[in-house]
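Colleague: Model the structure of this input:
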Amino acid sequence: MYEPLSYDEMYAIHVAASEILERVGVMIQHDEALEMLERAGATVNKKTKVAKIPEYLVKDMLNKVPSRDLLRARNEDYNVLIGDGTSYFTNAFGAHYTIDLETGERRLATVQDLDEFTLLSDYFSTVDYVKPNIIPQEVSQDILQQEMALSMFKNTEKHCSVFALTPAGFRDVIEMTKILVGGEDEFIENPSIIDTGFNNVPPLKYTREIIDMVLECAKYRIPFDISTGALASASGPVTLAGMIAQGIAENQAVVVIAELAGPGTPIMWGSCGTILDQRRGTAAYGSPENGLIHAAFAQMARYYGLPYYGAAGVVDSKAADPQAAYENMMNALIATLAGADVVHDGVYGILEAGITASYEMFAISHDICSAIKRVAEGFRVTKETLAVDIIEAVGHGKNHLTSDEGLEFTQKHVREEQWHPLLTDRSSRPDWEARGSKDMVQRAHEKVKEILESHEVDPIDKETEKKMRQIIKKAKKG
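Modeller: Residues are numbered from 1 along each chain as shown. Prediction:
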């Protein structure tokens, strides 16, 4: 496991984060949460809305967070147990534009794009649970979260991580989820059929809307991730150690609030932060520092006994090109080798740091993350896999494919021993030329079209969809 921090360095970061919480505090623009913090022992300035949280309170609340949580899917074959030692991957989140699959032109993203990217997420085995790749731009804000949830519920059988933008919209999505699972009692019994995520407003600030939605999660014990969004050298210190300490303080404030409101609420603790490139004035998500940040945060999450969630596959490139591939591979691999429980944005179908969705990049990223998962699996060393008897049976100067014993052994183990990519070409040049000399992007384009034409999911029934649409109709203003 890749661990950039020594134990002494982890302890120093912990001490710094605790000092930030106690000396500087976090701005919580939510009176109810401030009152709750004050009753629990925090020092609250009601005028500035800054809460200074003592270390003992953080420690008490950390002990209430489950170290593992089962994210449920409507098809239980896709249930995911976060915290079981496996690195799980999500797709990307939040594109406002799409590179059109037919024209190749960049345009505003639509609900149809969300339908299609969710369907691809259902197909790609590397996507363990599904985020909304697309924020449709033709949908009004009053029904945006609801339309996005419905699109996801219809187009995947995997666990859905829903978009939480406003408290009212999020409550509607919760009501839609109750319909999906068969009623309120069923939802209360299994609230982890959905999860969501929140970022702060760095440095050291949370809005009323974010805290409202955190409290809604705590009410039902809905799992959520809390991820600092600090940019080193801008909304956080330029030093990675300082930025990480600040991010921990920001995350811990929400852990305390959620566990005070709903003890046992599942929380994935993480980072969507990176560095600000001082030459360009842009967030550099494809940077090697991003990988270092995730590896360090993963260590600190283990230090606190929490599952770690990191946005580790983001790319800065504007095209599905070699830059996009190496950025995606570098940081998703680092996060996986560092033991991240969730590699968010791992299977990354979005370009230019979350702005423009690319169907082709999504398929290419599937191959990248499939290879990363193969590396993470390692290989088994047993009496059988050491194959001494088979080596003896094949003997000298022969071939394991032409001897009966070798062929049988190969057929038995080849799928578990060898990575079989979806797009990667390993054929000879004459064979490749005979198929049109297509590069990776062209092969990805064709594969995506094939999947969208053929892949089907178990549909939600019409009555369920009708009831969900009634909620959307009620929420629509005007």
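Colleague: my guess is Glu55 meets Ile20, correct?
Modeller: No. Using CB atoms under 8 Å, Glu55 is not in contact with Ile20, being 10.9 Å away. Every C-beta, even on glycine, is put in place using the N, C-alpha and C of the backbone.
Colleague: And the two? Which one has more around it.
Modeller: Ile20 (24 against 15; other CB atoms under 10 Å).
Colleague: Distance check, that one against Gly286.
Modeller: Using CB to CB, to the nearest Å, Ile20 is found at 28 Å from Gly286.
Colleague: Run a quick neighbour tally on the closest residue to Glu157 other than its chain neighbours.
Modeller: Closest residue in space to Glu157, ignoring its immediate chain neighbours: Asn75 at 3.7 Å, by CB to CB, 6 or more residues apart in numbering. Neighbour count for Asn75, taken as other CB under 10 Å: 14.
Colleague: for Asn75, what are its contacts?
Modeller: If you count contacts by CB atoms under 8 Å, 6 or more residues apart in numbering, Asn75 has them with 157-158, 458.
Colleague: Just the buried residues of these.
Modeller: 157-158 (16 or more other CB atoms under 10 Å).
Colleague: Could you give the separation of stretch 173-181 from the chain centroid?
Modeller: The chain centre lies 22 Å from the centre of stretch 173-181; the measure is CA atoms, centre = their mean, to the nearest Å.
Colleague: The nearest residue to Ala73 once chain neighbours are set aside: how many residues sit nearby?
Modeller: Spatial nearest neighbour of Ala73, chain neighbours left out: His159 (4.3 Å); criterion: CB to CB, 6+ apart. Burial of His159 is recorded as 25 neighbouring residues (other CB under 10 Å).
Colleague: And for Gly242?
Modeller: Applying other CB under 10 Å, we find 16 other residues in the vicinity of Gly242.
Colleague: List phi and psi for it.
Modeller: phi -70, psi -40 (degrees, to the nearest 10).
Colleague: Would you mind measuring from it to Thr265?
Modeller: 29 Å.
Colleague: Per-residue pLDDT of the residue positioned nearest the centre of the chain, please?
Modeller: Per CA atoms, centre = their mean, the C-alpha nearest to the average position across the chain is that of His344, at 2.3 Å. His344 carries a pLDDT value of 97.
Colleague: likewise Gly397?
Modeller: For Gly397, pLDDT reads 89.
Colleague: just Gly478 next, same as before
Modeller: Looking at Gly478, its pLDDT stands at 55.
Colleague: now stretch 455-475: mean pLDDT?
Modeller: Mean pLDDT, stretch 455-475: 97.
Colleague: Just the residues contacting that stretch, thanks.
Modeller: Outside stretch 455-475, the residues that touch it by CB under 8 Å, 6+ apart are 74-75, 119-120, 122-123, 142-143, 146-147, 149-150, 153-157, 168-169, 172, 175-176, 179-180.
Colleague: With stretch 389-405 instead?
Modeller: For stretch 389-405, using CB under 8 Å, 6+ apart, the contacting residues are 406-407, 409-410.
Colleague: Which ChimeraX command selects the buried ones in those residues?
Modeller: Filtering the contacts of stretch 389-405 down to the buried ones (16+ other CB under 10 Å) takes a single ChimeraX command:
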select :406,409
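Colleague: Narrow the contacts of stretch 389-405 to those in helices?
Modeller: Residues of the contacts of stretch 389-405 located in helices (DSSP state H): 406-407, 409-410.
Colleague: Now do Glu189: how many residues are near it, please.
Modeller: Using other CB under 10 Å, Glu189 has 11 neighbouring residues.
Colleague: what's the distance between it and Val181?
Modeller: Taking CB to CB, one finds Glu189 at 9 Å from Val181.
Colleague: Low-confidence ranges, the stretch 351-478 of the chain, go.
Modeller: Of all residues in the stretch 351-478 of the chain, those with pLDDT under 70 make up the ranges 478.
Colleague: Show me how the record splits this protein into domains.
Modeller: What the record gives for the chain is the domain set 69-377, 383-417, from automatic domain parsing.
Colleague: Thr424 is in what secondary structure piece?
Modeller: Assigned by DSSP states H and E, Thr424 falls within no helix or strand.
Colleague: burial of Met83, as a residue count?
Modeller: Careful, residue 83 is Gly and not Met. 19.
Colleague: Pretty sure Val65 is one of the things it touches, is it not?
Modeller: No. Using CB under 8 Å, Gly83 is not in contact with Val65; the gap is 10.3 Å.
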